[in-house]
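# Just a sequence and a predicted model for now, questions to come.
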Amino acid sequence: MKQTTQTIAPDSFQSENHWYPKALNATIHPLVNFFLNLDKKRIINRYCHLNPKVSKEKLEEILTYKCRHFLWCGADLINATSEEGRRQMVVIENNSCPSGQKSMPLVDDNKEDGAYRLLIERTFKPYLRPKQGTPKREGKLAVIYDKNYMETSGYAAVIADVFKEHVYLVPYYLGEKNDHVRVENDQMEILVDGEWIKLRAVFRYVTQRPWTRLPLHCKTKILNPIVACLAGGRNKMVAAKAYDIYNAELNEFGLKINTPETIWDISKNEIPLWVKKMGGQAVVKIPYSNAGQGVFTIIDEKELENFMSQEFDYERFIVQSLIGNYKWSSTGEQGKYYHVGTIPNAKGETYVTDLRMMVSSTPDGILPLCVYSRRTPKPLIDKLVAGADSWEMLGTNLSVKMGENEWTSDTNRLMLMDRRDFNKLGLGLDDLIEGYIQTVLSMIAIDKMCKNLFNSKGRFRMKLFKSLNNDNTLLNEIML
């Protein structure tokens, strides 16, 4: 059901409206609670103890890094292992408008708005403070969204509480007229009851091709700004390059962003060649999609043929090594990696899971907010059989598209960080720490790319972006 603009008053937050029932009634696992309350010094000491080649000074610098553009993110990680049993958390992607609050049990039962408030107080509020010597910007506050009403309405209610003022909750769907939102003199405005209202700041949860609706340059503060999407938070092509560039910087300090082997700037016709090079198994991605859309796992000729028979709007793709079962994973330059997966159930079945780690940039560095996991619909099989559907065994995303701008979630596959689900994941404290550090590294890589995409006058460097991502369809969307 399509929503209309709402005015959210202070003291209107109600927990049951902003959590899945199974999360609202869950008790957080003690180990996850312990992780979320670990201070930086202990995390650094533990990580460097297990990874003695890592520079303590560099890791401290990384965890205290203050992002300029990419202030809030959620990384999707896979718990993988090599043929030799070397386990690592692998970054699949990092999201600039991540979900997760509605899936996170409360850390403190006395704080009913949980990490919603942490994000607003730690990150959004400091982001809006005017820099010394600059005038305070006039206007109202708003949350704009194109999906995930449960969380966006929660953010609006918390922002109203923290700032002690009314907040507008504004739908902003892809492909709609959207004549209730405009930009005048570089400032966003919304139409409410026949009156145009200026916005001084916007909390954004616009995920579907946001560059088609929001400006690159704007006096209205936007969290996250559109450059965060283009630089990697909603663009897997540029993200892969950002990771590669940052890894070159990190190499001497013993640190690295772990990613699948990635081939970028691929035309559709080239894809079969790269799939063959990876042993017949690979993942093909439309770089600018999200919520599980535009990701194609390929394990045999039939799935490759099905992919090649489709038509796509965009011109360039990325191909990544596939992390599957040991007996049918891609073979890359670093060997073969496969899913650790869940602890086997009573039937001996192991399911693929991912881990979503949400963090935000604060005056004290980059801090974790919440964690959850998702499992696949079907368990991994050891031996591929004709007609096997790889996405059913490897695809973890819960979002289900019901129609144009209509979404729901398959919460049966949601794995909470509670006493019941967490033990099934086979994760320990060190895995959570590794996941957190991988999330932070990937966030910084994208933030550094954001900085590179602006010149000294604060204007977007379109020529540089085009050299990084020469996809005419995407470039036309940005220009329009």
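The structure has been received and is ready for your questions. Residues are numbered from 1 along each chain as shown.

# And the helices in the stretch 101-250 of the chain?
Counting by DSSP state H, counting those that start in this stretch, the stretch 101-250 of the chain has helices at residues 114-119, 125-128, 149-163, 226-228, 236-250.

# and the last one, what other elements does it pack with?
The one in question is helix 236-250. strand 87-95, strand 262-266, strand 317-321, helix 429-452, helix 462-468 (3 or more Cβ pairs under 8 Å, 6 or more residues apart in numbering; DSSP states H and E). From N, CA and C alone the C-beta is placed, and that goes for glycine too.

# Quick one: mean pLDDT for it?
Mean pLDDT, computed over helix 236-250, is 97.

# cool, the first one as well?
In this model, helix 114-119 carries a mean pLDDT of 97.

# Could you save the helices of the stretch 101-250 of the chain as a markdown table and add columns showing distance to residue 379?
Shown next, in a markdown table, are the helices of the stretch 101-250 of the chain (distance: least, Cβ to Cβ, whole Å):
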| stretch | distance to residue 379 |
| --- | --- |
| helix 114-119 | 31 |
| helix 125-128 | 43 |
| helix 149-163 | 29 |
| helix 226-228 | 36 |
| helix 236-250 | 27 |
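
# Please identify the most buried of the ones you listed.
helix 226-228 (a mean of 27; mean count of other Cβ atoms under 10 Å).

# Quick one: list the elements packing against it.
helix 429-452.

# pLDDT of the helix it packs on, averaged?
98.

# how much does that helix deviate in direction from strand 87-95?
Between helix 429-452 and strand 87-95, the angle comes out at 40 degrees (axes from the mean of the first three to the mean of the last three Cα atoms, to 10 degrees).

# Let the chain start at 27 from now.
Fine by me, first position is 27 from now on; the one you just mentioned is helix 455-478.

# Could you give me the buried positions within helix 455-478?
457-476 (16 or more other Cβ atoms under 10 Å).

# Can you give me the end-to-end span of stretch 306-313?
Separation of the first and last residues of stretch 306-313 by Cα to Cα, to the nearest Å is 21 Å.

# And stretch 161-171, by the same measure?
Stretch 161-171: ends 28 Å apart by Cα to Cα.

# Equivalent analysis for stretch 230-240, please.
End-to-end for stretch 230-240, by Cα to Cα: 10 Å.

# what does stretch 93-104 give?
By Cα to Cα, one end of stretch 93-104 lies 25 Å from the other end.

# I'd like to know how far residue 36 sits from residue 194.
Distance of residue 36 to residue 194, computed by Cβ to Cβ, to the nearest Å: 13 Å.

# Those two: which has the busier surroundings?
Neighbours per residue (other Cβ atoms under 10 Å) separate residue 36 from residue 194, with residue 194 holding more: 20 against 16.

# And the pLDDT for the more buried one?
Value for residue 194, per-residue pLDDT: 98.

# How about residue 408?
On the pLDDT scale, residue 408 is placed at 89.

# just residue 28 next, same as before
Residue 28 is given a pLDDT of 64.

# Same check on residue 116?
96.

# Across the sheet, point out what pairs with it.
On the basis of DSSP bridges, residue 116 is bridged to residue 104.

# Just to check, it is in contact with residue 287?
No. Applying Cβ atoms under 8 Å, one finds residue 116 not in contact with residue 287, separated by 10.6 Å.

# which one of these two has more residues nearby?
The neighbour comparison of residue 116 against residue 287 (other Cβ under 10 Å) goes to residue 116, with 21 against 16.

# Quick one: residues contacting the more buried one.
103, 104, 105, 106, 284, 285, 286, 349, 363, 464 (Cβ atoms under 8 Å, 6 or more residues apart in numbering).

# so residue 501 touches residue 492, yeah?
Yes. Between residue 501 and residue 492 there is a contact under Cβ under 8 Å: 6.2 Å.

# and residue 189, how far is that from residue 181?
With Cβ to Cβ as the criterion, residue 189 and residue 181 are 12 Å apart.

# re earlier: show me the one of the helices of the stretch 127-276 of the chain that comes nearest residue 30.
helix 175-189 (11.6 Å; Cβ to Cβ).

# pretty sure residue 400 is in a strand, no?
Yes. With DSSP: H, G, I helix; E, B strand; the rest coil as the criterion, residue 400 is part of a strand.

# Quickly list what it is bridged to.
When bridges are called by DSSP bridges, residue 400 pairs up with residue 380, residue 440.
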